[in-house]
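**Q** Please find the sequence and the predicted model below.
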2 protein chains.
Amino acid sequence: MSMPSGARFCSTNAFTGALVSNGLAPGFWVQKQSILAHSHASVHARVMSGELPFLRLHEDDTPWNAVRNVSDSLREWAHDLVVLGIGGSSLGGRALISALGATGMRVHFPDNLDPEQFGDLLDTLDLQRTAFNVVSKSGGTLETMVQFLVVRDRLRDQFGPSSLKKHLVVTTDPEHGLLRPLADEEGLTTLAIPPGVGGRFSVFTPVGLLPAACAGLDLDALRTGVAKAAERCQSNEPEKNPALAAAAIYHAFDAEHARPVLVTVPYATSLKSFGEWFVQLWAESLGKDNRGPIPITAVGATDQHSQLQLWMQGPHAMVINFVEVEAFRRDIKVGTGGLTDEKLTWASGNTMGHILNTELRATEQALSDACRPNVRWTLPSINAENLAELMVLWEAMTAYAGELYGVNTFDQPGVEAGKVICKRLLREG
Amino acid sequence: MSMPSGARFCSTNAFTGALVSNGLAPGFWVQKQSILAHSHASVHARVMSGELPFLRLHEDDTPWNAVRNVSDSLREWAHDLVVLGIGGSSLGGRALISALGATGMRVHFPDNLDPEQFGDLLDTLDLQRTAFNVVSKSGGTLETMVQFLVVRDRLRDQFGPSSLKKHLVVTTDPEHGLLRPLADEEGLTTLAIPPGVGGRFSVFTPVGLLPAACAGLDLDALRTGVAKAAERCQSNEPEKNPALAAAAIYHAFDAEHARPVLVTVPYATSLKSFGEWFVQLWAESLGKDNRGPIPITAVGATDQHSQLQLWMQGPHAMVINFVEVEAFRRDIKVGTGGLTDEKLTWASGNTMGHILNTELRATEQALSDACRPNVRWTLPSINAENLAELMVLWEAMTAYAGELYGVNTFDQPGVEAGKVICKRLLREG
């Protein structure tokens, strides 16, 4: 039996031929062959050496089993899980649950220090049946630790200090950082973030998996998706490894054609958070050395009514990156509503899903006619396996792009200065 | 009694002085005086002539009273309002309700053709107690009309054709378009979109006001905010009219300093939808003639953990546009959580709101130190009056910017091509 095909990448509308001008030249792949092989080899070697575990997270049973055990325990008594985490400690789990839907516990991601949002959330919860998952590798993330202190006080006040062991789960570094010794001292349940996996690559570690499991998502299917992506990333041929192909195209449009802005547009409302997850991945990994791409996310068809004007006739600085869902999990046949005027009923007889995908194809065609480069990823449907595959492919794509840009994909030196100033301002009062 | 001060604009960090390099020159305002006076005069004349009513929507009692009457009727029997509208027909109302909170009916904005989202929403509603507000000036908006047909069939099937009069409210052109004759023929409740007000400027017409009123927002306070903004826009002096000052700065950074990307970052989760409303306003109004700015929206402090690396060290193509909330509607004092380690408790004793705003100030300082231009709007607090004032100021700012760019702010010619192709593809099957 052949493996069902997963995510597909189509770059036709990035090339001369589909585009009268502004397209990549037909000799693009030949020209890039050597640099792509080099980029792939560099990432591949670091994956194989264990330095970059994000492409091998399907291999080890341990974290998957640990997550399952913890989530099984929580689901016995808790109705709500609140994830105390920000950035890479919340975006991945949220993307999974938004796309795949929660059938288990309700999972909340109050990933800010906003007192209105956090206070209102706490007010709506039945604390007796609420678990809190504090997620920070270092234990030094200001927003997360402040939330953690507030929650600890609430729990201690209402249920006594001994309640912390029941209500708190700590996802942190297996050895280092501030949270690990605290958790050990207090006997809290912990989950380990594998060394070498940074926040924005951590969705398929316990960081993203515990919320996913609590929400009732299918861990086995997620794991299969990770494995499928890893398998495809074995190849250094762009036609077999779409992550490598896409990295080459986005990088070339930025570095050689002055199109730094990558607009990612899934045509499915449930993938909005997935787009936000990708913005962090792309922005924080590649926005360095006074260059790098600028990611934007939108939702189709919604933002045809917000940003399409800009994509069609704004500055020639953008590449549009569509994500198509071939078959929706449900569809709705459009009737006539009891009307007979053809001006009102001309779309009747189609399904909503078909109309939505036709809008995507029409928008692609309009952009191409206007010589605006665009590419498309296609998911056969939104399910755990397909989504996981796509997310890991995009993580690999980011790593390949980092090689092409010549930056360190895995650091974020630009965020430190503000933290230092903030600490000083708070201490000065 | 002096009128309480509303939104304030601070551009210090856009100028040489705060920035060692990349700032606007000290002579900026003198240099721009004439062009700004001209731009202001052009917009002002069109406002006074009635051609641009968006700055005079507080003047006429009629639509405000009409909205109040319709919402009073709906609130007698309906628990949910579903807005069938997309783009400018949903973003404004959604921004208001997200920021200000619903105390009345639940209002839903399924602004897409996504069959999963729309089907799931319809399944959760008690249709007996659900009203639908179809919003389209022309009646030719594909997504909205498809939703309208689906909803009509549901209502007809469940409650019979006579139920439409109870459950449907039509917000459309007072005379023209496809919905007006249909509504008249069927005796449906209607609200009029004032002629001359385009979708993205329509939040303070019945388009945004009916959802707002159904959610229980304070129409009088919104109206006062509109009036305050209009009053401030009387002046052609940038120090008195912040909309004019901001338009000048954003335009200059794009047109003269190659910084087209405007990143709007409210430090309040409830203002996320407000940022999305602004993206449409700015993108669709100004993205024309192969130029124009590229708006992005983010949320602070959340996206410090997603995009700050890019703002600090990415390409010099961005201006960061902060929105600060001085006093939150509630705040939370941060205790120690029963901990004594100063590494974990150093922020204890502050409130969350104070820490959040300190993060904003620290991020501004870090950006300025890195010679990255940034400006700040400050709201004393999030309430109906302040938010309405800010939204109308930003509408005016967009109109002034259109003058500076030399484009027609109020059309969107780039979105037609895709619509034509879509219709052809659907007809061809």
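**A** In hand now; what should we look at? Numbering: from 1, shown residues only, chains lettered A, B, ... in the order given.
**Q** Would you agree A:Pro194 falls within a strand?
**A** No - counting by DSSP: H, G, I helix; E, B strand; the rest coil, A:Pro194 is not part of a strand but coil.
**Q** if I pick it, what's in contact with it?
**A** A:Pro194 makes contact with A:53, A:57, A:63, A:174, A:205, according to CB atoms under 8 Å, 6 or more residues apart in numbering or on different chains. (Glycine included, C-beta is placed from N, CA and C.)
**Q** cool, and A:Ala317?
**A** So A:Ala317 contacts A:258-261, B:260, B:294 (CB under 8 Å, 6+ apart).
**Q** how about the strands of the stretch 1-150 of chain A, start to end?
**A** A:8-10, A:80-84, A:106-108, A:130-135 (DSSP state E, counting those that start in this stretch).
**Q** Look at the residue of the stretch 1-150 of chain A found nearest chain B and say how many residues are nearby.
**A** Closest to chain B within the stretch 1-150 of chain A is A:Gly87: 2.6 Å, counting by CB to the nearest CB. Using other CB atoms under 10 Å in any protein chain shown, A:Gly87 has 26 neighbouring residues.
**Q** ok, A:Ile294 touching A:Arg259?
**A** No - judged on CB atoms under 8 Å, A:Ile294 makes no contact with A:Arg259 at a distance of 9.9 Å.
**Q** okay, these two: which has more neighbours?
**A** Taking other CB under 10 Å, A:Ile294 and A:Arg259 do not tie; A:Ile294 has more neighbours (29 against 21).
**Q** The more buried one and A:His257: what is the separation?
**A** According to CB to CB, to the nearest Å, A:Ile294 and A:His257 sit 14 Å apart.
**Q** A:Pro181 now?
**A** Distance from A:Pro181 to A:His257, by CB to CB: 51 Å.
**Q** what's the single longest strand in chain A?
**A** Determined from DSSP state E, the single longest strand within chain A is strand A:318-325.
**Q** where in chain A is pLDDT low?
**A** Scanning chain A for pLDDT under 70 picks out A:1-4.
**Q** domain assignment for it?
**A** For chain A, automatic domain parsing gives the domain ranges A:8-45+A:223-413, A:55-217.
**Q** List just the one of these that sits closest to B:Thr358.
**A** domain A:55-217 (9.7 Å; CB to CB).
**Q** Show the end-to-end separation of that closest one, please.
**A** The first and final residues of domain A:55-217 sit 21 Å from each other (CA to CA, to the nearest Å).
**Q** What of stretch A:299-319?
**A** First residue to last in stretch A:299-319 (CA to CA) measures 15 Å.
**Q** secondary structure element for the residue nearest to the spatial centre of chain A?
**A** Note on chain A: the residue nearest the mean C-alpha position is A:Trp277, at 3.2 Å, using CA atoms, centre = their mean. Secondary structure assigned from DSSP states H and E places A:Trp277 in helix A:272-286.
**Q** quick one on the thing from earlier: which one of the contacts of A:Pro194 has the most neighbours?
**A** A:Leu57 (25 neighbours).
**Q** A:Lys419 and A:Cys10, how far apart?
**A** 41 Å.
**Q** which residues does the residue of chain A most remote from its centre contact?
**A** Most distant residue from the mean C-alpha position of chain A: A:Thr340, 44.6 Å away (CA atoms, centre = their mean). The contact partners of A:Thr340, taken as CB under 8 Å, 6+ apart, number zero.
**Q** same question, A:Glu256
**A** Here A:Glu256 is in contact with no residue (CB under 8 Å, 6+ apart).
**Q** what residues does the stretch 1-150 of chain A put near chain B?
**A** Residues of the stretch 1-150 of chain A lying near chain B by CB under 8 Å from any CB of the partner chain: A:86-88, A:91, A:110-120, A:139-143, A:145-146, A:148-150.
**Q** now the residues you listed: which count as buried?
**A** Buried subset of those (neighbour count, 16 or more other CB atoms under 10 Å in any protein chain shown): A:86-88, A:91, A:110-120, A:139, A:141-143, A:145-146, A:148-150.
**Q** ok, and the closest non-adjacent residue to A:Ala327?
**A** Once flanking residues are discounted, A:Ala327 sits nearest to A:Ser381: 4.7 Å by CB to CB, 6 or more residues apart in numbering or on different chains.
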